[in-house]
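Trainee: Compute the structure for the input listed below.
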Amino acid sequence: MVNRRAVVTGASSGIGEATVRALRARGWDVVGVARREDRLSALAAATGASAIACDLTDSAAVDALVEQLAASGPVHALVQVAGGARGTDRIEDAAVEDWQWMFEANVLATQRLVAGLLPLLRKAASADGHADTIFVTSTAAQSAYAGGAGYNAAKAAEAMLVRVLRQELNGEPIRVVEVAPGMVHTEEFTLNRLGGDSVAAEAVYAGVEAPLVADDVADVIAYALESPGHVNLDLITMRPVAQSAQHLLARGPCVCDPSTDDGAITRRARGGWPDRSGLDAGAHSCAGRDLRTR
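Mentor: Purely as a prediction, here's the structure:
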C-alpha cells in the first residue's frame with residue numbers, strides 16, 4: 001500500500017498543528033508548513049513530520065515551497081488551514097490594511113497553493129488512484145454578522161474559490177472538500193483577531209459548554225481524507241452542540257428537564273439561556289465590541 005503524503009498549512013498552531021498530529025498518528029507522511037520555523041521544528045521533533053517554513057503571502061516563497069515538495073516526494077493531499085482574521089470593526093471604521101491582509105492570507109494564498117501544487121497532486125493521483133484538497137474555511141463564509149464584514153468577505157471568497165475548483169477539476173480524480181467550522185476554541189485565532197487582548201479573547205468562550213477544539217476539526221479532516229476515494233464530502237459545516245445556528249449560542253450547561261413531557265432542553269436560571277444576539281461563530285458582546293471566533 002502506498003504511504004500517502006499530505007501538506008498541511010498553518011501547522012504551527014491550532015487546527016493546522018492538530019491536523020499534522022492526527023495524520024501522523026494515522027500513518028501519513030506529513031509536511032507541516034507555516035511561517036514560524038521554531039514551532040514547526042518542535043512539531044516535527046514531536047511527531048516525525050517534515051517541516052518547511054514559508055510565508056504563503058509571498059509568491060516567491062510559495063514557488064520555493066513547491067520546488068522543495070516536488071524534489072522530496074509525491075503530494076497526495078493539500079490541507080489548507082492557514083489564514084486568519086483581523087479586527088471586529090464596523091465597515092465605516094475598518095482599517096483597509098486589515099481587509100487587505102485578510103484577502104491576501106485567506107484567498108490569494110490559497111490560489112497560489114492550488115496553482116503551485118496541482119501538478120504534483122495530478123501526478124500523485126495518476127500514480128496512486130486519487131488525490132485530495134481540503135480547505136478549512138469558516139461558517140463566517142455562510143452568514144454575515146455586524147463587525148465581521150472583512151472576514152465574511154474573505155472567507156466567502158475562499159469558499160467560492162473551493163467550489164469553482166471542484167467544477168474545474170470535474171473528470172479528474174482529485175477531491176475538493178470544504179470544512180467550515182463555527183466556534184473553535186484555539187490558542188491564537190481570536191487572540192490574534194483582537195490584537196492580543198487575552199481577556200477579551202477568553203470572554204468569547206465564557207460559559208459555553210464544550211466548544212469545538214482543534215482536535216475535533218482535525219478528526220473530521222482525517223475522516224474526509226480516509227473515506228473511499230470515490231466519495232467527495234463537498235461541504236462539512238461543524239459547530240458545537242451549544243451553537244445551534246450562527247445567531248443561537250447557549251451559555252451555560254445544556255440539560256434535559258425530565259419533568260417536561262417531551263424532554264425539551266431547558267436552561268438553568270444561572271445564565272444558561274441561549275444567546276440570541278444575532279452574533280455568529282461564538283460571538284460575544286464585551287465592552288461594546290462584538291468579539292468572535294472562526
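Trainee: List the buried residues in the helix or strand hosting Ala154.
Mentor: Applying DSSP states H and E as the criterion places Ala154 in helix 149-168. For helix 149-168, the neighbour count (16 or more other CB atoms under 10 Å) marks 149-159, 161-162, 165-166 as buried. The C-beta positions use only the backbone N, C-alpha and C, and glycine is treated the same way.
Trainee: Going along the chain, name the helices of the stretch 151-294 of the chain.
Mentor: Assigned by DSSP state H, counting those that start in this stretch, the stretch 151-294 of the chain shows helices spanning 189-193, 198-203, 214-226.
Trainee: Going by distance to Arg239, which of the buried residues of helix 149-168 wins?
Mentor: Nearest to Arg239 among these: Lys155, at 15.1 Å, using CB to CB.
Trainee: From Val184, how far out is the closest one?
Mentor: For Lys155, the distance to Val184 equals 13 Å [CB to CB, to the nearest Å].
Trainee: now Pro228
Mentor: Distance from Pro228 to Val184, counting by CB to CB: 27 Å.
Trainee: More neighbours: these two, which one.
Mentor: Neighbour count, other CB atoms under 10 Å: between Pro228 and Val184, Val184 has more, with 27 against 6.
Trainee: ok, the more buried one - contacts?
Mentor: 14-15, 211-214, 216-217, 293-294 (CB atoms under 8 Å, 6 or more residues apart in numbering).
Trainee: what bits of the chain have low per-residue confidence?
Mentor: For the chain, applying pLDDT under 70 flags the ranges 1, 258-294.
Trainee: For the longest strand along it, C-alpha coordinates in CSV please.
Mentor: Counting residues, the longest strand found in the chain (DSSP state E) is strand 174-181. Presented in CSV, the C-alpha positions along strand 174-181 are these (Å, rounded to 0.1, in the frame of the first residue of the first chain):
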residue,chain,number,x,y,z
ILE,A,174,-8.9,14.9,-7.3
ARG,A,175,-11.3,15.5,-4.4
VAL,A,176,-12.2,19.0,-3.3
VAL,A,177,-13.5,19.3,0.3
GLU,A,178,-14.5,22.3,2.3
VAL,A,179,-14.6,22.2,6.1
ALA,A,180,-16.4,25.2,7.7
PRO,A,181,-16.1,25.3,11.5
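Trainee: So for Leu120, which of the helices of the stretch 151-294 of the chain sits nearest?
Mentor: That would be helix 214-226 among the helices of the stretch 151-294 of the chain, by CB to CB, at 16.2 Å.
Trainee: which helices and strands sit right next to that closest one?
Mentor: Counting contacts by 3 or more CB pairs under 8 Å, 6 or more residues apart in numbering; DSSP states H and E, helix 214-226 packs against helix 14-25, strand 77-80, strand 131-136, strand 174-181, strand 184-185, strand 235-238.
Trainee: beta partners of the most centrally placed residue in the chain?
Mentor: With distances taken as CA atoms, centre = their mean, the residue of the chain nearest its centroid is Val136 (3.5 Å). Counting by DSSP bridges, Val136 forms beta bridges with Val179.
Trainee: doesn't Ile15 make contact with it?
Mentor: Yes - using CB atoms under 8 Å, Val136 is in contact with Ile15, at 6.0 Å.
Trainee: what do the two both touch?
Mentor: With CB under 8 Å, 6+ apart as the test, Val136 and Ile15 both reach 81, 181, 217.
Trainee: Tell me who's in contact with the second one.
Mentor: This points to Pro181. 15, 136, 138-139, 212, 217, 238-239, 294.
Trainee: which one among these gets closest to Ala124?
Mentor: Nearest to Ala124 out of those is Val136 (CB to CB; 21.0 Å).
Trainee: still on that earlier bit, show me what the helix holding Ala154 is in contact with.
Mentor: 83, 85-87, 90-91, 94, 98-99, 102-103, 105-107, 110-111, 114, 133, 135, 137-138, 140-145, 176, 178, 180, 193, 232, 234.
Trainee: which non-adjacent residue is nearest Arg35?
Mentor: Sequence neighbours aside, Asp55 is the residue nearest to Arg35 in space, at 5.2 Å (criterion: CB to CB, 6 or more residues apart in numbering).
Trainee: Near the one you found, how many residues? Count them for me, please.
Mentor: Asp55 has 16 nearby residues by other CB under 10 Å.
Trainee: next one: Ser13
Mentor: Other residues near Ser13 come to 19 when the count uses other CB under 10 Å.
Trainee: Noted, bye for now.
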